[in-house]
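Colleague: Starting from these lines, generate the structure:
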Amino acid sequence: MKAAKLRELSQDELGQRCGDMARELQSLQIRKSASHVEQPSRIRSLRRDIARSQTIIRERKGQQG
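Modeller: Numbers count the residues shown, from 1 in each chain. Sure, this is the predicted structure:
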């Protein structure tokens, strides 16, 4: 997901989306260690999306106080 779309989300929605992506990433990593994953590139894209969303969360916290 692009950073511009993530910036349009509210703080709560962004936190929720980040948590969902983290759970999906954890699930994919477990499946990868146990067997074959159909879309290994999904792991990489999830890691990057999580980093983008966490960056936006930190930026917003910095602006608040």
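
Colleague: what separates the residue nearest to the spatial centre of the chain from Gly65, distance-wise?
Modeller: Note on the chain: the residue nearest the mean C-alpha position is Ile50, at 2.4 Å, using CA atoms, centre = their mean. According to CB to CB, to the nearest Å, Ile50 stands 24 Å off from Gly65. C-beta coordinates here come from the backbone N, C-alpha and C atoms, glycine included.

Colleague: so what's Ser53 up against?
Modeller: Listed by CB atoms under 8 Å, 6 or more residues apart in numbering, the contact partners of Ser53 are Leu6, Leu14, Arg17, Cys18, Met21.

Colleague: mind giving me JSON lines with the residues you listed and columns for secondary structure?
Modeller: What follows is these, written out as JSON lines (DSSP: H, G, I helix; E, B strand; the rest coil):
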{"residue": "Leu6", "secondary structure": "helix"}
{"residue": "Leu14", "secondary structure": "helix"}
{"residue": "Arg17", "secondary structure": "helix"}
{"residue": "Cys18", "secondary structure": "helix"}
{"residue": "Met21", "secondary structure": "helix"}
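
Colleague: Great, nothing more from me.
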